[in-house]
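Trainee: Provide a 3D model corresponding to the input given below.
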Amino acid sequence: MRSQFALIVFAAPFALFHGILAAPSCIPDTSTTFCDPSRPITGSQMRSIFNTFVDQFYFKRDFQGAMKKFVSSNLIQHNPQIANGSQAQVEVVTSILANYDGPEFELVIIDVERGYGVVFNRFRGKAGTGLPITGVADIYRFEGSCMVEHWDVIEGLPPNSTNPMPFRK
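Mentor: Predicted coordinates for the structure are as follows:
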């Protein structure tokens, strides 16, 4: 009996660390990567991962940390102005969003059946830049716990817009 107790006491921390005894935490601390295309996840885990990614990437503007933790380094990019790979997206987004305030709102849609997360945001050009209010829809495709593919739709508000507030929440 004592040997079984000793085995449990010494083996439990190892098993918990490696996710053997308990389901792994859905969102780890910010210093680790969470991206594993082969790791199956539930719909609620996908929602949690995507919501955490959106908060870290868009609102906290921790582009590097969010991409490292949740997005494949081999990200398939469908924006013709950005190369494939998560690092290319970090570099482009960092330079573009340096001139924008926001986002001012978010709308997140998650299709757990097909493995997609979509976020809609509105950004406002910083004073003096002359940049218009811009609506952005980013679409990410999941494989396991990892986002592996990205599309975006970007629309700037032209000065002669018939609809002055098309990006309103």
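Trainee: Okay, and the most centrally placed residue in the chain sits in which element?
Mentor: For the chain, the residue nearest the mean C-alpha position is F53 (3.3 Å; Cα atoms, centre = their mean). Element membership for F53, per DSSP states H and E: helix 43-54.
Trainee: go on, F120?
Mentor: Going by DSSP H and E, F120 is in strand 116-125.
Trainee: Buried residues, the helix or strand that the helix holding F53 is followed by. List them.
Mentor: Along the chain past helix 43-54, the next helix or strand (assigned with DSSP H and E) turns out to be helix 63-70. With burial defined by 16 or more other Cβ atoms under 10 Å, the residues of helix 63-70 counted as buried are F63, A66, M67, K68, K69, F70. Where you see a C-beta, it was placed from the backbone N, CA and C, and this is true even at glycine.
Trainee: The last one reaches M46, doesn't it?
Mentor: No. F70 is not in contact with M46 according to Cβ atoms under 8 Å; the separation is 10.9 Å.
Trainee: who touches both of those two?
Mentor: With contacts taken as Cβ atoms under 8 Å, 6 or more residues apart in numbering, F70 and M46 have S145 as neighbours in common.
Trainee: JSON lines please, covering the buried residues of helix 63-70 and showing pLDDT.
Mentor: Formatted as JSON lines, those follow (pLDDT from 0 to 100):
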{"residue": "F63", "pLDDT": "95"}
{"residue": "A66", "pLDDT": "96"}
{"residue": "M67", "pLDDT": "96"}
{"residue": "K68", "pLDDT": "94"}
{"residue": "K69", "pLDDT": "95"}
{"residue": "F70", "pLDDT": "96"}
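Trainee: which one among the residues you listed gets closest to E104?
Mentor: Ranking those by separation from E104, with Cβ to Cβ as the measure, puts F63 on top at 18.2 Å.
Trainee: Point out where this structure drops to low pLDDT.
Mentor: When the per-residue scores of the chain are filtered using pLDDT under 70, the ranges that remain are 1-32, 164, 169.
Trainee: can you give me the strands in it?
Mentor: Under the criterion DSSP state E, the chain carries strands at the ranges 71-77, 100-101, 106-111, 116-125, 134-143, 146-156.
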